[in-house]
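Colleague: sequence? don't have it. structure:
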(Lines give C-alpha, C1' and ligand atoms only; values in the text may rest on other atoms or scores of the structure.)
Protein backbone atom coordinates (compact mmCIF):
# COMPACT_ATOMS: atom_id res chain seq x y z
CA UNK A 1 0.00 0.00 0.00
CA UNK A 2 1.13 3.52 -0.70
CA UNK A 3 2.06 5.45 2.41
CA UNK A 4 4.27 8.17 3.84
CA UNK A 5 5.74 8.03 7.33
CA UNK A 6 7.14 10.95 9.24
CA UNK A 7 8.59 9.37 12.38
CA UNK A 8 8.97 12.59 14.36
CA UNK A 9 5.71 14.18 15.47
CA UNK A 10 7.37 17.12 17.19
CA UNK A 11 10.92 18.52 16.96
CA UNK A 12 12.42 21.44 18.85
CA UNK A 13 15.66 23.11 17.75
CA UNK A 14 17.50 26.25 18.75
CA UNK A 15 17.69 29.13 16.34
CA UNK A 16 20.80 28.80 14.21
CA UNK A 17 21.02 25.04 14.66
CA UNK A 18 20.80 22.61 11.78
CA UNK A 19 17.63 20.69 11.06
CA UNK A 20 16.73 17.35 9.52
CA UNK A 21 13.14 16.15 9.20
CA UNK A 22 12.70 12.52 8.28
CA UNK A 23 10.36 11.08 5.68
CA UNK A 24 9.97 7.49 4.50
CA UNK A 25 7.65 6.43 1.73
CA UNK A 26 6.17 3.24 0.39
CA UNK A 27 5.30 3.38 -3.29
CA UNK A 28 5.63 0.75 -6.01
CA UNK A 29 6.72 2.92 -8.89
CA UNK A 30 9.11 5.84 -9.28
CA UNK A 31 7.97 8.29 -6.63
CA UNK A 32 7.21 11.93 -7.12
CA UNK A 33 8.09 13.47 -3.76
CA UNK A 34 7.16 16.75 -2.17
CA UNK A 35 7.70 18.73 1.01
CA UNK A 36 5.08 21.27 2.06
CA UNK A 37 5.06 23.69 4.99
CA UNK A 38 1.96 24.87 6.84
CA UNK A 39 2.04 27.88 9.15
CA UNK A 40 -0.82 28.47 11.61
CA UNK A 41 -3.93 29.58 9.78
CA UNK A 42 -2.29 29.09 6.41
CA UNK A 43 -2.59 26.60 3.63
CA UNK A 44 0.19 24.38 2.38
CA UNK A 45 3.16 26.01 0.69
CA UNK A 46 5.41 23.94 -1.54
CA UNK A 47 9.02 23.92 -0.31
CA UNK A 48 10.53 21.60 -2.91
CA UNK A 49 9.87 18.58 -5.08
CA UNK A 50 11.73 15.63 -6.58
CA UNK A 51 10.68 14.10 -9.86
CA UNK A 52 13.92 12.73 -11.34
CA UNK A 53 17.59 13.51 -11.87
CA UNK A 54 19.86 14.92 -9.18
CA UNK A 55 18.86 13.31 -5.89
CA UNK A 56 19.68 16.45 -3.90
CA UNK A 57 17.07 19.10 -4.57
CA UNK A 58 17.05 22.70 -3.49
CA UNK A 59 13.93 24.53 -2.41
CA UNK A 60 12.76 27.83 -1.11
CA UNK A 61 13.75 29.40 2.21
CA UNK A 62 17.12 27.64 2.22
CA UNK A 63 15.70 24.11 2.47
CA UNK A 64 17.04 21.07 0.63
CA UNK A 65 16.09 17.41 0.52
CA UNK A 66 17.86 14.25 -0.55
CA UNK A 67 16.15 11.33 -2.25
CA UNK A 68 17.60 7.95 -1.29
CA UNK A 69 15.94 5.16 -3.20
CA UNK A 70 17.72 2.40 -1.26
CA UNK A 71 16.31 3.74 2.00
CA UNK A 72 12.95 4.89 0.60
CA UNK A 73 13.64 8.23 2.22
CA UNK A 74 13.31 11.88 1.32
CA UNK A 75 14.65 13.82 4.31
CA UNK A 76 14.39 17.59 4.53
CA UNK A 77 17.36 19.61 5.78
CA UNK A 78 18.30 23.16 6.58
CA UNK A 79 21.78 24.19 7.79
CA UNK A 80 20.65 27.05 10.03
CA UNK A 81 17.09 27.39 11.31
CA UNK A 82 15.41 30.77 11.75
CA UNK A 83 12.62 31.49 14.23
CA UNK A 84 10.25 32.03 11.29
CA UNK A 85 10.71 28.36 10.28
CA UNK A 86 8.48 27.27 13.16
CA UNK A 87 5.58 25.52 11.42
CA UNK A 88 4.28 22.09 10.49
CA UNK A 89 6.05 20.22 7.72
CA UNK A 90 4.44 17.59 5.52
CA UNK A 91 6.10 15.10 3.25
CA UNK A 92 3.98 13.73 0.39
CA UNK A 93 4.19 11.33 -2.52
CA UNK A 94 2.32 11.96 -5.77
CA UNK A 95 0.40 8.83 -6.71
CA UNK A 96 -0.91 7.94 -10.15
CA UNK A 97 -4.29 6.27 -9.78
CA UNK A 98 -6.20 3.93 -12.08
CA UNK A 99 -8.70 6.00 -13.99
CA UNK A 100 -6.19 8.63 -14.95
CA UNK A 101 -6.00 10.99 -12.02
CA UNK A 102 -3.42 11.69 -9.36
CA UNK A 103 -3.46 12.52 -5.68
CA UNK A 104 -1.01 13.41 -2.96
CA UNK A 105 -0.52 11.00 -0.08
CA UNK A 106 0.66 12.92 2.96
CA UNK A 107 2.49 11.94 6.08
CA UNK A 108 1.05 12.96 9.45
CA UNK A 109 3.41 15.92 9.65
CA UNK A 110 6.23 17.10 11.91
CA UNK A 111 5.67 20.14 14.05
CA UNK A 112 8.82 22.24 14.35
CA UNK A 113 9.38 24.57 17.30
CA UNK A 114 12.32 26.97 17.32
CA UNK A 115 13.86 28.23 20.57
CA UNK A 116 15.56 31.66 20.55
CA UNK B 1 -1.16 35.82 -10.69
CA UNK B 2 -3.79 35.25 -8.06
CA UNK B 3 -3.55 32.17 -5.87
CA UNK B 4 -6.22 29.80 -4.66
CA UNK B 5 -8.89 31.45 -2.55
CA UNK B 6 -11.39 29.67 -0.32
CA UNK B 7 -14.50 30.77 1.50
CA UNK B 8 -15.64 30.87 4.17
CA UNK B 9 -12.52 30.72 6.32
CA UNK B 10 -14.35 29.45 9.39
CA UNK B 11 -17.83 28.11 10.00
CA UNK B 12 -19.76 26.25 12.64
CA UNK B 13 -22.58 23.81 11.89
CA UNK B 14 -24.61 21.33 13.87
CA UNK B 15 -24.84 17.62 13.27
CA UNK B 16 -27.19 16.73 10.43
CA UNK B 17 -26.87 20.04 8.63
CA UNK B 18 -25.42 20.60 5.17
CA UNK B 19 -22.47 22.79 4.23
CA UNK B 20 -21.06 24.26 1.01
CA UNK B 21 -17.45 25.36 0.74
CA UNK B 22 -16.15 27.37 -2.20
CA UNK B 23 -12.85 27.61 -4.02
CA UNK B 24 -11.45 29.81 -6.77
CA UNK B 25 -8.59 28.26 -8.70
CA UNK B 26 -5.28 29.90 -9.45
CA UNK B 27 -5.28 31.68 -12.79
CA UNK B 28 -4.48 29.26 -15.62
CA UNK B 29 -5.30 26.15 -13.59
CA UNK B 30 -8.11 23.88 -14.77
CA UNK B 31 -8.03 21.01 -12.25
CA UNK B 32 -9.28 21.23 -8.68
CA UNK B 33 -8.72 18.79 -5.84
CA UNK B 34 -10.17 18.81 -2.33
CA UNK B 35 -8.48 17.50 0.80
CA UNK B 36 -9.67 17.01 4.38
CA UNK B 37 -7.20 17.69 7.19
CA UNK B 38 -8.36 16.53 10.60
CA UNK B 39 -6.66 17.94 13.66
CA UNK B 40 -3.14 16.57 14.07
CA UNK B 41 -3.19 14.68 10.79
CA UNK B 42 -1.99 15.14 7.26
CA UNK B 43 -4.42 16.08 4.50
CA UNK B 44 -6.46 13.26 2.94
CA UNK B 45 -7.64 13.29 -0.66
CA UNK B 46 -11.40 13.66 -1.12
CA UNK B 47 -11.82 14.05 -4.89
CA UNK B 48 -10.56 15.77 -8.02
CA UNK B 49 -12.42 17.64 -10.76
CA UNK B 50 -11.37 18.24 -14.34
CA UNK B 51 -13.53 19.79 -17.06
CA UNK B 52 -16.47 19.96 -14.66
CA UNK B 53 -16.43 16.23 -13.98
CA UNK B 54 -15.20 14.21 -11.02
CA UNK B 55 -12.28 12.14 -12.28
CA UNK B 56 -11.08 10.62 -9.02
CA UNK B 57 -12.33 10.05 -5.49
CA UNK B 58 -10.73 8.99 -2.25
CA UNK B 59 -12.27 6.96 0.55
CA UNK B 60 -15.12 9.33 1.38
CA UNK B 61 -18.85 8.56 1.42
CA UNK B 62 -21.29 9.89 -1.21
CA UNK B 63 -22.54 12.59 1.15
CA UNK B 64 -19.33 14.37 0.13
CA UNK B 65 -19.96 15.81 -3.32
CA UNK B 66 -18.58 18.55 -5.47
CA UNK B 67 -18.97 20.72 -8.50
CA UNK B 68 -16.60 22.44 -10.86
CA UNK B 69 -17.82 25.40 -12.90
CA UNK B 70 -16.80 26.58 -16.39
CA UNK B 71 -14.47 29.17 -14.85
CA UNK B 72 -12.76 26.26 -12.99
CA UNK B 73 -13.98 27.39 -9.57
CA UNK B 74 -15.33 24.62 -7.39
CA UNK B 75 -17.64 23.74 -4.52
CA UNK B 76 -17.47 21.03 -1.90
CA UNK B 77 -20.81 19.99 -0.42
CA UNK B 78 -21.21 17.82 2.63
CA UNK B 79 -24.66 16.55 3.62
CA UNK B 80 -25.81 15.09 6.92
CA UNK B 81 -22.83 16.47 8.82
CA UNK B 82 -21.24 14.27 11.46
CA UNK B 83 -19.00 15.29 14.35
CA UNK B 84 -16.03 13.63 12.62
CA UNK B 85 -16.44 15.98 9.66
CA UNK B 86 -14.87 18.72 11.78
CA UNK B 87 -11.65 19.51 9.94
CA UNK B 88 -9.77 21.96 7.75
CA UNK B 89 -10.88 21.55 4.14
CA UNK B 90 -8.21 22.43 1.62
CA UNK B 91 -8.73 23.17 -2.02
CA UNK B 92 -5.85 22.82 -4.46
CA UNK B 93 -5.63 23.70 -8.12
CA UNK B 94 -3.28 22.52 -10.82
CA UNK B 95 -2.73 22.61 -14.55
CA UNK B 96 -3.73 19.68 -16.73
CA UNK B 97 -5.77 16.56 -16.31
CA UNK B 98 -3.70 15.35 -13.42
CA UNK B 99 -2.72 12.01 -14.92
CA UNK B 100 0.74 12.10 -13.44
CA UNK B 101 1.84 12.17 -9.86
CA UNK B 102 4.23 14.91 -10.92
CA UNK B 103 1.35 17.36 -10.98
CA UNK B 104 2.18 20.34 -8.75
CA UNK B 105 -0.70 21.54 -6.60
CA UNK B 106 -1.26 25.06 -5.31
CA UNK B 107 -3.24 25.06 -2.07
CA UNK B 108 -5.61 27.58 -0.60
CA UNK B 109 -5.62 28.56 3.08
CA UNK B 110 -8.56 26.30 3.81
CA UNK B 111 -12.01 26.43 5.35
CA UNK B 112 -12.17 25.31 8.96
CA UNK B 113 -15.42 23.51 9.68
CA UNK B 114 -16.58 22.77 13.21
CA UNK B 115 -19.53 20.43 13.67
CA UNK B 116 -21.27 20.56 17.05
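Modeller: Structure's in. What do you need? Here the structure is a predicted model, which means the values were calculated and not measured.
Colleague: show me the contacts for the residue positioned nearest the centre of chain B.
Modeller: The residue at the geometric middle of chain B, judged as the C-alpha nearest the mean C-alpha position with C-alpha atoms, centre = their mean, is residue B:34 (2.8 Å). For residue B:34, the contacting residues are B:23, B:45, B:46, B:47, B:48, B:66, B:74, B:76, B:89, B:90, B:91, B:92, taking C-beta atoms under 8 Å, 6 or more residues apart in numbering or on different chains as the criterion. C-beta here means a position set from N, CA and C on the backbone, and glycine is covered the same way.
Colleague: for the closest residue to it other than its chain neighbours, what are its contacts?
Modeller: In space, and not counting its chain neighbours, residue B:34 is closest to residue B:46: 4.3 Å by C-beta to C-beta, 6 or more residues apart in numbering or on different chains. Shown in contact with residue B:46 (C-beta under 8 Å, 6+ apart): B:33, B:34, B:35, B:36, B:57, B:58, B:60, B:64, B:66, B:76, B:89.
Colleague: if we go to 7 Å?
Modeller: Under the criterion of C-beta atoms under 7 Å, 6 or more residues apart in numbering or on different chains, the contact list for residue B:46 reads B:34, B:35, B:36, B:58, B:60, B:64.
Colleague: likewise residue A:33?
Modeller: Applying C-beta under 7 Å, 6+ apart, the residues near residue A:33 are A:25, A:49, A:50, A:67, A:74, A:93.
Colleague: does it belong to a helix or a strand, and which?
Modeller: Of the helices and strands defined by DSSP states H and E, residue A:33 is found in strand A:32-38.
Colleague: near chain B, which residues of chain A are found?
Modeller: Selection of chain A residues close to chain B by C-beta under 7 Å from any C-beta of the partner chain yields A:32, A:42-44, A:46, A:49, A:51, A:90, A:94-97, A:99-104, A:106-109.
Colleague: out of those, which end up buried?
Modeller: If you count burial by 16 or more other C-beta atoms under 10 Å in any protein chain shown, the buried members of the residues of chain A next to chain B come out as A:32, A:43-44, A:46, A:49, A:51, A:90, A:94-97, A:101-104, A:106-107, A:109.
Colleague: quick one: low-confidence residue ranges for chain A.
Modeller: By pLDDT under 70, chain A has no low-scoring segment.
Colleague: let's see 80
Modeller: Counting by pLDDT under 80, the ranges of chain A that qualify are A:1, A:28-30, A:41, A:98-100.
Colleague: which residues of it fall in strands?
Modeller: Secondary structure of chain A, counting by DSSP state E: strands at A:3-5, A:10-14, A:19-21, A:24-26, A:32-38, A:44-50, A:56-58, A:64-68, A:73-78, A:87-97, A:101-106, A:110-115.
Colleague: so the fifth one versus strand A:87-97, what angle?
Modeller: Relative orientation of strand A:32-38 with respect to strand A:87-97: 150 degrees, computed using axes from the mean of the first three to the mean of the last three C-alpha atoms, to 10 degrees.
Colleague: indicate each strand paired with strand A:32-38 and its parallel or antiparallel sense.
Modeller: Its sheet considered, strand A:32-38 pairs with strand A:44-50 (antiparallel), strand A:87-97 (antiparallel) by DSSP bridges.
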